[in-house]
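S.K.: Return a 3D structure for these sequence lines:
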Amino acid sequence: MMNDQSNSQPGSAYFLEEKHDPEEAHTLSIVVDNEPGVLARVIGLFSGRGYNIESLTVSETEHEAHISRITIQTSGTAMVLEQIKSQLERMVPVHSVNDLTVIGDAIERELALIKVAGAGEHRVEALRLADAFRARVVDATNSSFVFELTGKTRKVDQFISMMQPLGLIEVVRTGIAAIRRGPEAMEF
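M.R.: Just a heads-up that it's a prediction; the model follows:
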């Protein structure tokens, strides 16, 4: 006679607890050839495998060499992040992939343009908060402002949150630009 407790033993596959690795946000700096279709191929790698991109910034950084830098902030488990880096490194137009989060001590900044309605008491409060956050007024009318703010994502988020009750109209953000501290350049 078979014992029903055999399925409840700790070694039984039916009762193994699934372990979920924590997700982490990482900033990747990817040096690529500046040629048509490269960005689409990199983005296609993410979308084709169901990886999310939380922030994306891309621009040519060396005109003579036709080199661009793509900065992507993504999140996943340690294993997923390693897969992303490995798959990116195998792409032909990719020269290097640097995980700035792992390297550490990187400088990350984001630029945002924030349009806020501004009249009466709200106008004075919006200007006071902008001064506290070191946001510049880049456009002003009798009924609105456009502020330019540069800083860490957390700072931009906080400023936007504080402008919400004062009449936030519209927000445009660049995404993260990041660079490693110190005298070393990114590897090609």
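S.K.: helices or strands up against whichever strand or helix holds residue 40?
M.R.: Here residue 40 sits within helix 38-48, counting by DSSP states H and E. Helix 38-48 sits against strand 24-33, strand 53-62, strand 67-76, helix 78-89, with contacts defined as 3 or more CB pairs under 8 Å, 6 or more residues apart in numbering; DSSP states H and E. Any C-beta I mention is one placed from the backbone N, CA and C, and that applies to glycine too.
S.K.: tell me which residues of it are tucked away?
M.R.: Burial within helix 38-48, assessed by neighbour count using 16 or more other CB atoms under 10 Å, is assigned to 38-39, 42, 45-46.
S.K.: Would you mind pulling the contact partners of it?
M.R.: The contact list for helix 38-48 (CB atoms under 8 Å, 6 or more residues apart in numbering) reads 30, 32, 51-53, 56, 58, 68, 70, 72, 74, 84, 87-88, 91, 93-94.
S.K.: try stretch 153-161
M.R.: Outside stretch 153-161, the residues that touch it by CB under 8 Å, 6+ apart are 55, 108, 110, 112, 114, 129, 133, 135, 147, 149, 168, 171, 173, 176.
S.K.: Recalculate using a threshold of 7 Å.
M.R.: 110, 112, 114, 133, 135, 149, 168, 171, 173, 176 (CB atoms under 7 Å, 6 or more residues apart in numbering).
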